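Peer 1: Provided below are the primary sequence and the corresponding predicted coordinates.
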Amino acid sequence: MGIRKELFSFTRDAITLGSSRARVVVFSFFLIILTILPTEKLGPVGGICIFKNFIFPLLFGQRYNCPGCGITHAVSAVMHGNMVDAYNYNKLIIVVFPLIVLIISFDLINWIKTRKTG
């Protein structure tokens, strides 16, 4: 396969998370960026949340916190070793972060296996 087709194929996979390789690269890149950036520089929690600012007010007449609000801040805080801050940003971090690590781990193993056999 030519380099152009390979790049196109990987770009499509990265956008759709359609392969083990794409998920490893995209999730690892996400974690690296959140490790480099200070958590405080990420902006306000829920500042641009579509659910909190638009959908919930339309449905319920008032703003409710979305279950996902603060998860990026929480992952960033974990990557900086601030577990208490992470929990305060979003309680779901105790489920989400281990899930991200499991996805990366399983996909990395799968990617290595397919490279050896393919």
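Peer 2: Right, received. Where do you want to start?
Peer 1: CA atoms for contacts and neighbours, from now on please.
Peer 2: OK.
Peer 1: elements contacting the lowest-mean-pLDDT helix or strand in the chain?
Peer 2: When each helix and strand of the chain is scored by mean pLDDT, DSSP states H and E, helix 50 comes last, with a mean of 76. With contacts taken as 3 or more Cα pairs under 8 Å, 6 or more residues apart in numbering; DSSP states H and E, helix 50 sits against no other helix or strand.
Peer 1: now do Pro98 against Ser105, distance only.
Peer 2: Pro98 sits 10 Å away from Ser105, going by Cα to Cα, to the nearest Å.
Peer 1: those two - which one has more neighbours?
Peer 2: A direct count of neighbours by other Cα atoms under 10 Å for Pro98 and Ser105 places Ser105 higher, at 14 against 11.
Peer 1: buried sites along whichever strand or helix holds that one?
Peer 2: Ser105 belongs to helix 93-117 when assigned by DSSP states H and E. Residues of helix 93-117 classed as buried: 93, 97, 100, 103-104, 107-108, 111 (neighbour count, 16 or more other Cα atoms under 10 Å).
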